[in-house]
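> got a sequence here, can you model it:
(one chain, ligands or ions: 1)
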Amino acid sequence: MVKVWGSMLLSCVLAAPAAAQQRQLVEICAGCHGVDGRSNTVPIWGRIAGQNYEYLVYVLKLYRAGGRDGVNAGMMTSYVRRLSDAELADLARYYAQMK
Ligand code: HEC
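This next block holds a predicted model:
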């Protein structure tokens, strides 16, 4: 029992900074894609809210690797270049569940 509580406590402690960090990241994404993830200001930047989780992970990794061409792709690459696989997956999950 003590062990169970210990690990629950540990996962809370570990999860808290991750959640705060994700909020900060999402605020940056919102600057271009909107708080609703619909990119209404510049529609060609793509609607990311409600997009498939698998596609979001795929395309975020592609930007990170510099694998997308186009005048606007570099903008994305600069924002995801330093993010880990786990951070990209968290962002993908966040936007995939957004309606
Ligand atoms: C400075 C503006 C800017 C910021 C900040 C930004 N993006 Fe983007 N994003 C773009 C642009 C521009 C494109 C379209 C690039 C292209 O034409 O390939 C794009 C494309 C995307 C796409 C691909 C859409 C599709 O349908 O293929 C995803 C997913 C995405 N952004 C997610 C994010 C996430 C998550 C963040 C936050 C970490 C973020 N963006 C931050 C400008 C931005």
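
> how far away from the center of its chain is stretch 66-79?
Relative to the centre of its chain, stretch 66-79 is centred 16 Å away, using C-alpha atoms, centre = their mean, to the nearest Å.

> which SSE is immediately downstream of the helix or strand bottoming out on mean pLDDT in the chain?
Of all the helices and strands that make up the chain, helix 2-33 has the lowest average by mean pLDDT, DSSP states H and E, namely a mean of 76. Under the assignment DSSP states H and E, the closest C-terminal helix or strand after helix 2-33 is helix 53-64.

> give me the next element, helix or strand, following that next one.
Proceeding N to C from helix 53-64, the next assigned helix or strand is helix 73-80, under DSSP H and E.

> now check the helix or strand following that next one, is it near the ligand?
Towards the C-terminus, the helix or strand next in line after helix 73-80, according to DSSP H and E, is helix 85-96. Yes. Contact of helix 85-96 with the ligand (C-beta under 6 Å from any ligand atom) involves Leu91. C-betas here are computed from N, CA, C, even on glycine.

> quick check: mean pLDDT of helix 85-96?
Mean pLDDT, computed over helix 85-96, is 97.

> mind listing what's buried along that helix?
By neighbour count on 16 or more other C-beta atoms under 10 Å, the buried set for helix 85-96 is 87-92, 94-96.

> so it versus helix 73-80, what angle?
If you take axes from the mean of the first three to the mean of the last three C-alpha atoms, to 10 degrees, helix 85-96 sits at 110 degrees to helix 73-80.

> name the helices or strands packed onto helix 85-96?
helix 2-33, helix 53-64 (3 or more C-beta pairs under 8 Å, 6 or more residues apart in numbering; DSSP states H and E).

> if you set the cut-off to 10 Å instead, what comes out?
helix 2-33, helix 53-64, helix 73-80 (3 or more C-beta pairs under 10 Å, 6 or more residues apart in numbering; DSSP states H and E).
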